[in-house]
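1. structure for this input, please:
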Amino acid sequence: MSIIKIDMNSQEFIAEMEKTIKFTDKVNAQFGWEYHPQEEVNEGVQMGLARNKMMYSKRFCPCFMVEEVDGKPKSVDDRICPCKPAIEKEIPEEGVCHCGIFCTPEFAANKRIELGMEEAVHTHSRGLTKEECEMLVNQKEIDPDELISLLEARELGMVKFKLVDVREHMEWQMGHIKGADALVPTSSFYQTLEEAKLKKDENIIVYCHVGSRSAHVARILPSMGYTKIGNLTHGIVSYGGEKER
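-> This next block holds a predicted model:
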């Protein structure tokens, strides 16, 4: 199975996207939730829901893999939006669902404040020593500025790692991190992982839109024998480095 490609400019996808936005509007109204303050987060999730509706006839959560069980598509943990874990646990306890699109008003307000602070104080960067590169690349969670530094260091031959995008093909086309080595979409994860020919003992950093899909992948890969996995915290939406289409 190859990477599944959906034309996001097709009339079919545009129509499904419009229906999905109305659907997520209705979910927020029904539960008294709000959208995430970062519009990119919401758009990415809505695109994933629209894609899954076209592919599987159900709005499976785009942050979890869909597998075939008894000839029918089934989401891991049976996550169909708005999913039961989000309603019963994630949003009541953490203020936000796994994908990030649905938030409590309190979470959204705090996130707006936090984003304003980060914009003011979190600036990049400085050169790294070889020792610092090795320490950073072996972390399980890597922040955007650290990844920028690691990519610069990799260009200088100071460190080796593979950067893997686990979003979908249409998201990759819209823009991906410059220097990404492979696209391994979660919708066809096991098949495209084999095609990517990643070594089980090399450093691999995974990323997605907001960090949830990649965190899920980062938990799965060690069980498959991959030993050095890092996750880009908060995903590409928080990444301030170069991107390319």
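
2. tell me, how many residues neighbour the closest residue to Glu90 other than its chain neighbours?
-> Excluding its sequence neighbours, the residue lying closest to Glu90 (Cβ to Cβ, 6 or more residues apart in numbering) is Cys97, at 5.1 Å. Where C-beta positions appear, they are placed from N, C-alpha and C, glycine not excepted. By other Cβ atoms under 10 Å, 26 other residues sit near Cys97.

3. my read: Cys97 touches Arg79, true?
-> No: in this structure, Cys97 is not within contact of Arg79 by Cβ atoms under 8 Å, at 9.9 Å.

4. quick check, pLDDT for the residue most central in space within the chain.
-> In the chain, the residue lying closest to the centroid (Cα atoms, centre = their mean) is Cys208, at 2.6 Å. Per-residue confidence at Cys208 stands at 96 (pLDDT).

5. now do Gln139
-> The model reports Gln139 with a pLDDT of 93.

6. run through the residues that contact the residue nearest to Glu90.
-> Neighbour list for Cys97: 82-83, 86, 90-91, 103 [criterion: Cβ atoms under 8 Å, 6 or more residues apart in numbering].

7. next SSE downstream of the lowest-mean-pLDDT helix or strand in the chain?
-> Using mean pLDDT, DSSP states H and E, helix 105-121 stands out as the lowest-scoring helix or strand of the chain, at a mean of 74. Going down the chain from helix 105-121, the next helix or strand is helix 130-137, by DSSP states H and E.

8. which residues touch that following helix?
-> Residues from elsewhere that reach helix 130-137 (Cβ under 8 Å, 6+ apart): 128, 142, 146, 149-150, 153, 158-159, 161, 203, 205, 228, 230.

9. may I see the buried residues of that helix?
-> 132-133, 136-137 (16 or more other Cβ atoms under 10 Å).

10. from the residues you listed, pick the one nearest Tyr239.
-> For the buried residues of helix 130-137, the residue nearest Tyr239 by Cβ to Cβ is Leu136; the value is 15.3 Å.

11. outline the domain layout of this structure.
-> 11-120, 130-244 (automatic domain parsing).

12. just send these back as a markdown table, with distance to Lys5 too.
-> As requested, those are arranged in a markdown table below (distance: least, Cβ to Cβ, whole Å):
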| stretch | distance to Lys5 |
| --- | --- |
| domain 11-120 | 10 |
| domain 130-244 | 5 |
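
13. what's the least confident stretch among those domains?
-> Averaging pLDDT over each of the domains of the chain puts domain 11-120 lowest, since it has a mean of 90.

14. give me the next element, helix or strand, following the host helix or strand of Gln30.
-> Remark: Gln30 resides in helix 11-31, with elements defined by DSSP H and E. Using DSSP H and E, the helix or strand that follows helix 11-31 towards the C-terminus is strand 34-35.

15. tell me which residues touch the residue nearest to the centre of the chain, please.
-> 63, 165-167, 186, 214, 217, 232, 235-236.

16. buried subset of the residues you listed, written for PyMOL?
-> The PyMOL command for the buried members of those (criterion: 16+ other Cβ under 10 Å) is given here:
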select buried, resi 63+165+166+167+186+214+217+232+235+236
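
17. would you map the helices across this protein?
-> Taking DSSP state H to define them, one finds helices in the chain at 11-31, 39-56, 84-85, 91-94, 105-121, 130-137, 144-155, 169-174, 189-196, 212-220.

18. from Pro222, how far out is the residue nearest to Gln139 when sequence neighbours are not counted?
-> The shortest distance from Gln139 to any non-neighbouring residue, by Cβ to Cβ, 6+ apart, is to Gly230 (5.8 Å). Distance of Gly230 to Pro222, given as Cβ to Cβ, to the nearest Å: 12 Å.

19. the two: which is more packed in?
-> With neighbours defined as other Cβ under 10 Å, Gly230 and Pro222 compare such that Gly230 has more, 24 against 12.
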